[in-house]
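Engineer: please find the sequence and the predicted model below.
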Amino acid sequence: HHDHTSCNVKIKRRRSTSTMKCNNNSWSVSLIAAASLLHNRRTVAEAFSIAPSSPIIHSVHDVPCRELDIHIQSLGESITILEATSEGQEKLVDAVLEDGDDDDDGDRKGDRGGEGIVREDPYGAVLWPAASAVSEHVTRDSLWDGDGGSTGSRRPTLLELGAGTGLVALSASASNGYSAVLATDYETVPLRLLDAAYRLNLERRRGEGGMTPIDTALFDICDLSAPLPPADLVCAADILYEPKTGVALALRVVEALERGSRVVVGCSPGRPGRPAFLEELKRLNPNIKGADFVDVEGTTCTGKRHSLICGEGSTSISDEPKMLLVALMDLAPECLN
């Protein structure tokens, strides 16, 4: 997340593009607050593994990317993700700009299945802060305590929307607390990075219990003609990048709750889509309980960002990892009653 959906403002010209990216009920809210206190007794350095001076570089479908280890305290270990390097980000942004030119000329090459490597959203190729907070939350041992036995003795299933680099899905997979994990995104590039990262983590965990397989699929939350894939838990981290996306996510949250799924949403500071998301949730169901965000301790992300992906002054990025309050919402189906 990312929202890596068609709702994002499309980068069409270098000279005119602005950066969008940088800028439950009562028991669920209490659970989040308590979890924050318990799981954030750590230094920032422990929470976020700083990339070495000479990071390991990979090329995933011709996109240069670096390994980045993120410590997930609830797991007691680090998860390796792959995010685009400065060169990789430049390549993705250039692809979007070229695609915009082709679109203007009536010759679109960046559509799914075409020659383009990215359609209109390069943001999912890098990490954003809410992913760590959501990963911590969904891998806590106590997450399903008091859920009324909705999943019984079986392990629940997890669906991630706008997965981006896939930290949430990878963490859920490594926890072995889920019987199935499905990571979705609007763009193919993030899903390719996630697939490669899954193989890296699986290889490094051999003999330690392995990982739950991760399925990936293209899915646009704004395309309401496509139903939400089934899952016991639906989660989204940092996808509220514009009001239209906020409205779309609110619709998906209600869709998930009405069918009996639990929903976890994480959002970093300053996301323009958050007010629209909250307003639409209340409009769809004025009696919804606990539809408010609770601040939990998260961590800024490190590493260079292309100026069209993350502008100066962003609170999400820093040279060294710093504590950052991240908004978290956890809704159970009962909140609609």
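Structural biologist: Good, I have the coordinates.

Engineer: and what about the residue nearest to M329 when sequence neighbours are not counted, helix, strand or coil?
Structural biologist: Leaving out its chain neighbours, the residue that sits closest to M329 by Cβ to Cβ, 6 or more residues apart in numbering is V265, at 4.6 Å. C-beta: built from backbone N, CA, C; applies to glycine. Assigned by DSSP: H, G, I helix; E, B strand; the rest coil, the conformation of V265 is strand.

Engineer: for V265, list each beta-bridge partner.
Structural biologist: Beta-bridge partners recorded for V265 (DSSP bridges): A236, M329.

Engineer: tell me the contacts of it?
Structural biologist: Contacts for V265 (Cβ atoms under 8 Å, 6 or more residues apart in numbering) come out as V134, C235, A236, A237, L249, V253, F277, F293, L328, M329.

Engineer: quick check: the third one touching L249?
Structural biologist: Okay, so that is A236. Yes: between A236 and L249 there is a contact under Cβ atoms under 8 Å: 6.3 Å.

Engineer: hmm, which of the contacts of V265 are the buried ones?
Structural biologist: Among the contacts of V265, those classed as buried by 16 or more other Cβ atoms under 10 Å are V134, C235, A236, A237, L249, V253, F277, F293, L328, M329.

Engineer: which of the contacts of V265 lies closest to D215?
Structural biologist: Distances from D215 to these, taken as Cβ to Cβ, are shortest for C235 (15.1 Å).

Engineer: what sits closest to the closest one if chain neighbours are left out?
Structural biologist: Nearest one to C235, counting by Cβ to Cβ, 6+ apart, is V264 at 4.3 Å.

Engineer: I'd say that neighbour and V296 touch.
Structural biologist: No: shown here, V264 and V296 do not form a contact pair, counting by Cβ under 8 Å, at 11.4 Å.

Engineer: pick out whichever of those two has more residues nearby.
Structural biologist: Taking neighbours as other Cβ atoms under 10 Å, V264 and V296 compare with V264 leading, 25 against 22.

Engineer: list the contacts for that one?
Structural biologist: V134, H137, V138, L233, V234, C235, A236, L328, M329, D330, L331.

Engineer: ok, now how distant is it from H137?
Structural biologist: Separation of V264 from H137 (Cβ to Cβ, to the nearest Å): 6 Å.

Engineer: any common contacting residues for these two?
Structural biologist: The contact sets of V264 and H137 overlap at L328, D330 (Cβ under 8 Å, 6+ apart).

Engineer: show me where this structure has its helices.
Structural biologist: For the chain, the helices defined by DSSP state H occupy 26-39, 44-47, 86-104, 130-138, 167-175, 188-204, 243-258, 274-284.

Engineer: how far away is A183 from C235?
Structural biologist: Distance of A183 to C235, computed by Cβ to Cβ: 10 Å.

Engineer: okay, and the common contacts of these two?
Structural biologist: Taking Cβ under 8 Å, 6+ apart as the criterion, A183 and C235 both touch E160, V168.

Engineer: what's the burial count for A291?
Structural biologist: Neighbours of A291 under the rule other Cβ under 10 Å: 24.

Engineer: coming back round to it: what's the closest of the buried ones among the contacts of V265 to D94?
Structural biologist: Of all the buried ones among the contacts of V265, D94 sits closest to A237, with 26.5 Å by Cβ to Cβ.

Engineer: if we can go back for a sec, identify the contacts common to A236 and L249.
Structural biologist: L161, V265.

Engineer: hmm, back to that, dump the contacts of V265 to a markdown table, plus pLDDT and distance to L228.
Structural biologist: Converted to a markdown table, these look like this (pLDDT from 0 to 100; distance: Cβ to Cβ, whole Å):
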| residue | pLDDT | distance to L228 |
| --- | --- | --- |
| V134 | 98 | 17 |
| C235 | 98 | 12 |
| A236 | 98 | 11 |
| A237 | 98 | 17 |
| L249 | 98 | 11 |
| V253 | 98 | 10 |
| F277 | 98 | 16 |
| F293 | 97 | 21 |
| L328 | 98 | 20 |
| M329 | 98 | 17 |
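
Engineer: list the buried ones in stretch 234-252?
Structural biologist: Neighbour counts over stretch 234-252 (16+ other Cβ under 10 Å) mark 234-252 as buried.

Engineer: can you give me the end-to-end distance of that stretch?
Structural biologist: One end of stretch 234-252 to the other measures 9 Å (Cα to Cα, to the nearest Å).

Engineer: now that stretch, how far from the chain's geometric center?
Structural biologist: Once both centres are worked out by Cα atoms, centre = their mean, to the nearest Å, stretch 234-252 turns out to sit 11 Å from its chain's centre.

Engineer: again with stretch 222-239
Structural biologist: Here stretch 222-239 is found 12 Å from its chain centre; the criterion is Cα atoms, centre = their mean.

Engineer: likewise stretch 71-80?
Structural biologist: Centroid separation for stretch 71-80 versus its chain: 16 Å, with Cα atoms, centre = their mean.

Engineer: for stretch 56-70, measure first residue to last.
Structural biologist: This stretch, stretch 56-70, spans 14 Å end to end (Cα to Cα).

Engineer: with just CA atoms, put stretch 193-209 into CSV.
Structural biologist: What follows is stretch 193-209, C-alpha atoms only, in CSV (Å, rounded to 0.1, in the frame of the first residue of the first chain):
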residue,chain,number,x,y,z
LEU,A,193,8.7,-8.2,-6.0
LEU,A,194,6.6,-10.0,-3.5
ASP,A,195,7.0,-13.3,-5.3
ALA,A,196,10.8,-12.9,-5.3
ALA,A,197,10.9,-11.9,-1.7
TYR,A,198,8.7,-14.9,-0.7
ARG,A,199,11.3,-17.2,-2.3
LEU,A,200,14.1,-15.5,-0.5
ASN,A,201,12.4,-15.8,2.9
LEU,A,202,11.4,-19.4,2.3
GLU,A,203,14.9,-20.4,1.4
ARG,A,204,16.3,-18.7,4.6
ARG,A,205,13.6,-20.3,6.8
ARG,A,206,14.2,-23.9,5.6
GLY,A,207,14.2,-26.1,8.6
GLU,A,208,12.4,-23.5,10.7
GLY,A,209,8.9,-24.5,9.9
